[in-house]
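> here is a sequence together with a model predicted from it:
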Amino acid sequence: RYLGASAAPLMTSHGAAWVLVFHDITQLKAYETARSDFIANLTHELRTPLSALYGYAETLIQGVEDTETQRRFLGIIERQARRLSRLVDDLLSLSDLERGIGTVGTQGSTGVSPVQTTTYTLTAPGGGGTSAASATITVSPAGVLLYPGDDIQAAVTAHPSGTTFILNSGVYRMQSVAPKDGDVFSGQPGAVLDGAILVTSWQQSSGVWTAQVSGITQQSSYRGQCLATSPACAYSEDLFYDSKPLKRVASLSAVVVGTWYFDYASEKIYAGSDPSGHVTEIGALRHAFYGTAGNVKISHLAIQKYASLSGLGAIQASSDTYAPSSGWVVDSCDVSLNHGWGIRVSNGTQLTNNKIHDNGQMGFGGSGTNILIQNNEIYNNNFAGYNWNWEAGGDKISFSTNVTIRGNYSHDNQGPGLWTDINNDYVLYEYN
């Protein structure tokens, strides 16, 4: 919350006094922030339709004999021209606001900080000396404050459905949360949920480095088809050196520089690269958030290094047996370095304004009705080496109805960037 203050002297029968008036200027600040963000993004937003208009117009000028191709190119030019028109309308609206025409409103979640105490002091010189007046304003965020080291699940259990939890900056390691209906999880800048164990004790033996861990068990079976060059892709734990995954191999004899092997029986890591001077971690937990609660919102968090299985997400809007949730919203998050999928969607899921990247199998996927995928950047997924003819890459939606995939930037994935496959009805792709 932002406050403006003004003061004026007041003479009374008891002597001089001051009158302080505080004005809530939060809405004005919100407008100023929105304006700055809009201008900053304008060049990027204009570049895409302009590039399309130039490219397709130049091709038509050079000559395209096929009538169907001409119609398709003209249709693309028309859509991009409409997009430019909408951007111009936004600029005109912004201009109206500058001139005091119209209203300003905030949309979505408003970022809050830990408790803030601000003291305003006003001074004024006079013939009899200098007078001063001060006032202290304390603003508390509307939610339960959490700090690194706190047990997020315990906090969820202790509070009723529909509670807002505010995660302050820092790393929340080895946290897995089953929300209640309507719960909100909002991160301050630098808030990270990390599903990996720190590995700190290494020994060198027979040309490899070994480390003992605990709490990692082998599944009875693993889902997935791997490329021939990545035969261990289906195993969900990843070893990271400075947040970069090493390639996992299927046997100890195959370990060389840049690769590693895990012996489930002894829970021992065998690495072919020297860990000295590196931060080393091994993914362990399956999910950061999961379950069948409805209307959960997760925003402004980094979710990383979870050992999600193939077909399951670090953010899992369902149970592990695919019992669906409804109405989950994941907004403005950075979801990366999780082994299986970054996010699994379900009925009514909305993924907006996220960066979903560098996940082991796929950025996101799932099934359900009324799904919105909008304004996300999806890139560099499938580092584990799954066979993308089977299932890997940017995303895969199946068995769905009423899906909108709009305004996303999908690039550099090892597999299809955007993919709907198997029984999808009423799917809209636009402006991707």
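Yes, it's here. Numbering: from 1, shown residues only.
> and the spatially closest residue to residue 247 that is not a sequence neighbour, how far is that from residue 204?
Nearest residue to residue 247, sequence neighbours excluded (Cβ to Cβ, 6 or more residues apart in numbering): residue 259, at 4.7 Å. Quick note: C-beta positions are derived from backbone N, CA and C, even for glycine. Residue 259 sits 16 Å away from residue 204, going by Cβ to Cβ, to the nearest Å.
> neighbour count: those two, which is higher?
Shown here are residue 259 and residue 204; by other Cβ atoms under 10 Å, residue 259 has more neighbours (18 against 12).
> tell me the pLDDT at the residue nearest to residue 247?
Note on residue 259: pLDDT of 97.
> one more: the one 10 residues further on?
In this prediction, residue 269 carries a pLDDT score of 97.
> who does it bridge with?
Per DSSP bridges, the residues bridged to residue 269 are residue 211, residue 262.
> OK, contacts around it?
199, 210-213, 239, 260-262, 282 (Cβ atoms under 8 Å, 6 or more residues apart in numbering).
> which of those residues ranks first by neighbour count?
Neighbour-wise, the contacts of residue 269 (other Cβ under 10 Å) top out at residue 260, 27 neighbours.
> give me the element that one is part of.
Following DSSP states H and E, one finds residue 260 within strand 259-263.
> show me what that strand is packed up against.
The contact analysis (3 or more Cβ pairs under 8 Å, 6 or more residues apart in numbering; DSSP states H and E) places strand 259-263 against strand 247-248, strand 268-271.
> switch the ones you listed over to a markdown table; also include distance to residue 26.
Shown next, in a markdown table, are these (distance: least, Cβ to Cβ, whole Å):
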| stretch | distance to residue 26 |
| --- | --- |
| strand 247-248 | 50 |
| strand 268-271 | 51 |
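> residue 394: which of those is closest?
Residue 394 lies closest to strand 247-248 among those, at 21.1 Å (Cβ to Cβ).
> same for the closest one, what does it pack against?
strand 259-263.
> first-to-last residue distance for stretch 9-25?
Stretch 9-25 has an end-to-end distance of 23 Å (Cα to Cα, to the nearest Å).
> can you pull out the low-pLDDT segments for the stretch 201-350 of the chain?
For the stretch 201-350 of the chain, no stretch is flagged by pLDDT under 70.
> quick one on the thing from earlier: residue 250 is in contact with the residue nearest to residue 247, correct?
No - with contact defined as Cβ atoms under 8 Å, residue 259 does not count as touching residue 250 (10.2 Å).
> re the thing from before, measure the residue nearest to residue 247 to residue 242 for me?
From residue 259 to residue 242 the distance is 16 Å (Cβ to Cβ).
> then residue 429?
For residue 429, the distance to residue 242 - Cβ to Cβ - is 37 Å.
> re the thing from before, relative to residue 255, which of the helices and strands packed on strand 259-263 is closest?
Between the helices and strands packed on strand 259-263, strand 268-271 lies closest to residue 255; by Cβ to Cβ that is 5.4 Å.
> what's the following helix or strand after the closest one?
As the chain continues past strand 268-271, the following element, by DSSP H and E, is strand 280-283.
> next, the buried residues of stretch 409-423.
Buried residues in stretch 409-423, defined by neighbour count with 16 or more other Cβ atoms under 10 Å: 410, 413-420.
> for the nearest residue to residue 181 once chain neighbours are set aside, helix, strand, or coil?
Of all residues not flanking residue 181 in the chain, residue 161 sits nearest, at 4.5 Å (Cβ to Cβ, 6+ apart). Using DSSP: H, G, I helix; E, B strand; the rest coil, the structure places residue 161 in coil.
> what about the residue nearest to the spatial centre of the chain, distance to residue 192?
What sits nearest the mean C-alpha location of the chain, by Cα atoms, centre = their mean, is residue 333, with 1.6 Å. Distance of residue 333 to residue 192, computed by Cβ to Cβ: 11 Å.
> which neighbours do these two have in common?
Applying Cβ under 8 Å, 6+ apart, one finds that residue 333 and residue 192 are jointly contacted by 301-303.
> for these, pick the one with the most neighbours.
Ranked by neighbour count (other Cβ under 10 Å), those have residue 303 at the top, with 28 neighbours.
> give the contact list for residue 373.
345, 351, 364, 395, 403-406, 408.
> kindly reformat those residues as TSV containing neighbour count, secondary structure and distance to residue 81.
Putting the contacts of residue 373 into TSV (neighbours: other Cβ atoms under 10 Å; DSSP: H, G, I helix; E, B strand; the rest coil; distance: Cβ to Cβ, whole Å) gives the following:
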residue	neighbour count	secondary structure	distance to residue 81
345	30	strand	32
351	30	strand	28
364	27	strand	31
395	29	strand	28
403	23	strand	26
404	16	strand	22
405	23	strand	22
406	15	strand	18
408	25	coil	21
